[in-house]
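1. got a sequence here, can you model it:
(one chain, ligands or ions: 1)
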Amino acid sequence: MNVTIVGTGYVGLVTGACLAELGNNVFCLDVDQAKIGLLNAGGMPIHEPGLQEIIQRNVEEGRLTFSTDAAASVAFADLHFIAVGTPPDEDGSADLKYVLAAARQIGRHMEGFKVIVDKSTVPVGTAEKVAAVVREELAQRRRDDIAFSVASNPEFLKEGAAIDDFMRPDRIVLGVEDDERGERALAMLRELYRPFNRNHERTRVMDVRSAEFTKYAANAMLATRISFMNELANLADRVGADIELVRQGIGSDPRIGYSFLYAGTGYGGSCFPKDVDALCRTAQEHGLPLQVLDAVQRVNHAQKQVLLEKVWHQFGKRLAGRTFAVWGLAFKPGTDDMREAPSRSIIRALLQAGARVRAHDPVAQEQAARALALDLQDQPQLLANVTFVAKPMDAVADADALVVLTEWKNYKSPNLRALREAMRSPLVLDGRNLYEPHAMAAAGITYMGIGRSNLA
Ligand code: NAD
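-> Model prediction:
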């Protein structure tokens, strides 16, 4: 099939590459000239394991095109996926300006029947707004005769495992309109997703509003599990329990399961914070505040301070002359995405308290430098106190503490003796609970995790 993907970010690029890999012809459109230029030169704008090889193969085989030419993108296919960003608006609700601009572009150039699929995470009712702007464009061109249908196909991939998630989805949610055009849209989407359903049917067909809601409900549930565990972790610190053992104890119950029960420094990333906030805003607009999710957000906000509280307790609030090693900058392993990464607020606070920071991340250092420059634009002089190093052990030399913020595999089994000997004072603040407190103690390292009975 011919498919156009609007937006070549984490979602659009993976979707385009994977659909091409299955034999479809894919046109990837973006407004960002630099990004398209980089892709056309064989470069990669993001880090996502396995993506570059797929893109290279499919470009070579002529199934994948990158362009900024909107008219050509509309002429290319009858099936259009909108995968542009939906960042938070000033009040926390989802900003639809990119989605609606993408829809407008399609309306401006379409000459025949189109299926427009919202893949971006968008609030309930967005498909109707998309349809309205397309109708407006058609009316301006006096082409109301051209039919189209707007469908919802939210994306559930996880950065860092995006290819696998896309290629082996747990479910494919399709929200379609309950009319003849909706049926036509459904037939096209079923055909596109047929290869994913060979083993068993993964498609869940529903009305558009329920599909839009499903994505928010999924992220809200996952965020709830994280905040729940973070709150219990803080209590575990006070009552003398180890939240890691508690996690294993409850995760073994199949009604609970092990996933998303890790205590840490609070959820971040480009999705959970904005999606939970947007759902809360939608609820408020309907006069039905979501009390559980409001608490989930409050707990998450507070959790971002927990590691810092441990730092203040240990060293006081003036950190001049102190050096902190930081392992992990990306909001999670497997990606270079720095959006809402806990490392940003923690490093900023350390720098503002006068500390020097020596940071390592296997892939996100460049993005992190850009993010920190943005966060510290009012105090750019502080940027001179942060350095990025090539190897994790380069960060810890003569450090007063090691702060672990992302659970990259290569941080999981450090040589504890070498760590102790390299540091000025052997203190590990483990924001991801990667290490065994007993092993750390045996190695002569003072260890503080999250909820592991060592309240600072
Ligand atoms: P992103 O910021 O990485 O990429 C968005 C891209 O869209 C950018 O390259 C931007 O230049 C482009 N764009 C903006 N306006 C455009 C227009 N009018 N025409 C063409 N291109 C345009 O965003 P992302 O992380 O890929 O997220 C996209 C959507 O998918 C969001 O709604 C997000 O919530 C959702 N989502 C993201 C993830 C994730 O893990 N990142 C997972 C599931 C769902």
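2. quick check: the nearest residue to residue 271 once chain neighbours are set aside vs the ligand, distance?
-> Of all residues not flanking residue 271 in the chain, residue 219 sits nearest, at 5.8 Å (CB to CB, 6 or more residues apart in numbering). C-betas here are computed from N, CA, C, even on glycine. Note on residue 219: its distance to the ligand, by CB to the nearest ligand atom, to the nearest Å, is 8 Å.
3. what about residue 219, which helix or strand?
-> For residue 219, the host element (DSSP states H and E) is helix 208-239.
4. flag every buried residue along that helix.
-> Of the residues in helix 208-239, those with enough neighbours to count as buried (16 or more other CB atoms under 10 Å) are 208-209, 211-216, 218-220, 222-234, 236-237.
5. show me what from the stretch 151-300 of the chain comes close to the ligand.
-> In this structure, the stretch 151-300 of the chain approaches the ligand at residues 155, 157, 159, 270, 271, judged by CB under 6 Å from any ligand atom.
6. just the residues you listed now: which is nearest residue 45?
-> Using CB to CB, residue 159 is the member of these that lies nearest residue 45, at 13.3 Å.
7. for the helix holding residue 219, name the packing helices and strands.
-> Of the remaining helices and strands, those touching helix 208-239 by 3 or more CB pairs under 8 Å, 6 or more residues apart in numbering; DSSP states H and E are helix 126-140, strand 148-152, strand 172-175, helix 243-251, helix 272-285, helix 291-303.
8. that one to helix 291-303, inter-axis angle?
-> In terms of direction (axes from the mean of the first three to the mean of the last three CA atoms, to 10 degrees), helix 208-239 departs from helix 291-303 by 50 degrees.
9. need the contact partners of the one helix or strand residue 421 maps to.
-> Residue 421 is part of helix 416-422 when elements are defined by DSSP H and E. Identification of contacts with helix 416-422 by CB atoms under 8 Å, 6 or more residues apart in numbering yields 393, 396-399, 402, 426, 428, 439-440, 443-445.
10. can I get it as PDB, trimmed to CA atoms?
-> What follows is helix 416-422, C-alpha atoms only, in PDB (Å, rounded to 0.1, in the frame of the first residue of the first chain):
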ATOM      1  CA  LEU A 416      32.600  -1.700  43.300                       C
ATOM      2  CA  ARG A 417      36.200  -1.700  44.500                       C
ATOM      3  CA  ALA A 418      37.300   0.500  41.600                       C
ATOM      4  CA  LEU A 419      34.300   2.700  42.300                       C
ATOM      5  CA  ARG A 420      35.200   3.100  46.000                       C
ATOM      6  CA  GLU A 421      38.800   3.800  45.200                       C
ATOM      7  CA  ALA A 422      38.100   6.300  42.500                       C
END
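11. next structured bit after that helix?
-> From helix 416-422 onward toward the C-terminus, using DSSP H and E, the following helix or strand is strand 427-430.
12. could you point out which element follows that following strand?
-> Toward the C-terminal end, the helix or strand that comes next after strand 427-430 (DSSP H and E) is helix 437-442.
13. averaged pLDDT, that following helix. What do you get?
-> Taken as a whole, helix 437-442 has a mean pLDDT of 95.
14. and that helix, what other elements does it pack with?
-> In this structure, helix 437-442 packs against strand 446-448, with contacts taken as 3+ CB pairs under 8 Å, 6+ apart.
15. with respect to residue 116, which of the helices and strands packed on helix 208-239 lies nearest?
-> When those are ranked by distance to residue 116, counting by CB to CB, first place goes to strand 148-152 at 4.9 Å.
16. quick check: buried residues in the helix or strand following that closest one?
-> Tracing the chain past strand 148-152, the next element assigned as helix or strand by DSSP H and E is helix 162-167. Of all the residues in helix 162-167, those buried under the rule 16+ other CB under 10 Å are 162, 163, 165, 166, 167.
17. any chance of those in JSON lines, with distance to residue 422 and pLDDT too?
-> As requested, those are arranged in JSON lines below (distance: CB to CB, whole Å; pLDDT from 0 to 100):
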{"residue": "162", "distance to residue 422": "35", "pLDDT": "97"}
{"residue": "163", "distance to residue 422": "36", "pLDDT": "98"}
{"residue": "165", "distance to residue 422": "38", "pLDDT": "97"}
{"residue": "166", "distance to residue 422": "41", "pLDDT": "97"}
{"residue": "167", "distance to residue 422": "41", "pLDDT": "96"}
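18. which one of the residues you listed is nearest residue 320?
-> Distances from residue 320 to these, taken as CB to CB, are shortest for residue 162 (41.9 Å).
19. who touches that closest one in this structure?
-> If you count contacts by CB under 8 Å, 6+ apart, residue 162 has them with 10, 14, 48, 51.
20. quick check: phi and psi on the residue of the chain found nearest the ligand?
-> Scanning the chain for the residue nearest the ligand gives residue 9, at 1.8 Å (criterion: CB to the nearest ligand atom). Backbone dihedrals for residue 9, given as degrees, to the nearest 10, come out at phi -90, psi -150.
21. that one contacts residue 85, doesn't it?
-> Yes: taking contact to mean CB atoms under 8 Å, the distance of 6.3 Å between residue 9 and residue 85 places them in contact.
22. list the buried residues for stretch 63-77?
-> Buried residues in stretch 63-77, counted by 16+ other CB under 10 Å: 63, 64, 65, 66, 67, 70, 73, 74, 76, 77.
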